[in-house]
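1. After the sequence you'll find the predicted model.
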Amino acid sequence: MPDPDAIIDQLARPVLGLRAAFDGTGSSGDAVALLEAAGPGRAWGGRQDRHDALMFGHMEMTGRNAEDGWQTEVVQNTPIGQRRHDAGQVDPNAHVVKNVTEYKAGWVNRDEGLKQLKKERMLLATHQIQEVSEYVIRASDPPHPEVLAEAKRLSQKFPDRFKLIELSEREFENAIELGRPVVQARAAKKLEKAIEQVRDAPEINAATPALRDFLHEVDKAHERGQPIELGDLLDTRDTLANLVEAECLTPPVLQRASVAG
């Protein structure tokens, strides 16, 4: 059985570093160490985090990398608006999109899903996607039935160019685990940036209590001898970033009026 004192000691280092970063006596890079020490918990992150973990993990599983022209977020124009694919293989010399992939980590509502696939049909029909379009879903948690039915129709209409890929639970979990470190690293960078902004701009008032509340939760985790759950870290990352962004975008006059009121 792990030594509780050792667990607390492991957690104390990054947390003390985070406190030092907030107080201006250390480096906010210690947020990375805090995320690395985090326990996954039963559920972590929100819909977007799980989506991103699936995307990065599946790309690693299938050997897709920048050297071969793969990148995240590929945008193409259609008569009814832009189609944003999660990932794509682009030939920068010929300015063409060769392959694209869309990832769905869970439920997709009817209107959103059908609109995306309507654009997909247009891109396939006009060969703006030169080779293959993949639609990767979790078999146990598929999109709306009408969206799934349309995806199947596309695979029949374009049998060699539109691939509906239904991941088994094991495949899905493997992809999530492979993608988790990337999501952790990105979360750490966002948390680090928010801490830097709070520290360097004392006029950002709203974020300060949010960070102090989070550090209080970390203290309680220490008392239990448990790591802070990754989900809590991701929530804090989003809360801090949103508060900082809101205060940075609000004119100073309105900020003062809000504090006064």
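-> Done, it's in. Numbering: from 1, shown residues only.
2. so where is the stretch 51-200 of the chain shaky, pLDDT-wise?
-> The stretch 51-200 of the chain contains residues with pLDDT under 70 at 191-200.
3. Please enumerate the strands of the stretch 101-250 of the chain.
-> Along the stretch 101-250 of the chain, counting by DSSP state E, counting those that start in this stretch, strands occupy 129-138, 162-167.
4. Can you give me the buried ones in the shortest one?
-> This points to strand 162-167. Applying a neighbour-count criterion of 16 or more other CB atoms under 10 Å, one finds Phe162, Lys163, Leu164, Ile165, Leu167 buried in strand 162-167. C-beta: built from backbone N, CA, C; applies to glycine.
5. The longest one now?
-> Neighbour-count burial for strand 129-138 flags Ile129, Val132, Ser133, Glu134, Tyr135, Val136, Ile137, Arg138 (criterion: 16+ other CB under 10 Å).
6. ok, now which ones touch the second one?
-> With contact taken as CB atoms under 8 Å, 6 or more residues apart in numbering, Val132 is in contact with Asn99, Val100, Asp160, Arg161, Phe162, Lys163.
7. State the helix or strand in which His58 lies.
-> Element membership of His58 [criterion: DSSP states H and E] is helix 47-61.
8. what angle separates that helix from strand 129-138?
-> Relative orientation of helix 47-61 and strand 129-138, computed by axes from the mean of the first three to the mean of the last three CA atoms, to 10 degrees: 120 degrees.
9. out of everything not next to it in sequence, what's closest to Ala175?
-> Using CB to CB, 6 or more residues apart in numbering and skipping residues adjacent in sequence, the residue nearest Ala175 is Gly57, 3.6 Å away.
10. shouldn't the one you found be in contact with Arg180?
-> Yes - Gly57 lies in contact with Arg180 (CB atoms under 8 Å); the separation is 7.4 Å.
11. ok so, going back, so can I have JSON lines of the buried residues of strand 162-167 showing distance to Ile176?
-> Formatted as JSON lines, the buried residues of strand 162-167 follow (distance: CB to CB, whole Å):
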{"residue": "Phe162", "distance to Ile176": "25"}
{"residue": "Lys163", "distance to Ile176": "21"}
{"residue": "Leu164", "distance to Ile176": "20"}
{"residue": "Ile165", "distance to Ile176": "15"}
{"residue": "Leu167", "distance to Ile176": "10"}
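12. so which of those residues comes closest to Ala175?
-> Leu167 (7.0 Å; CB to CB).
13. quick one: contacts for the closest one?
-> Here Leu167 is in contact with His58, Val136, Ile137, Arg138, Ala139, Ala175 (CB under 8 Å, 6+ apart).
14. Tyr103 too?
-> Counting by CB under 8 Å, 6+ apart, Tyr103 makes contact with His51, Leu54, Met55, His58, Asp86, Ala87, Val136.
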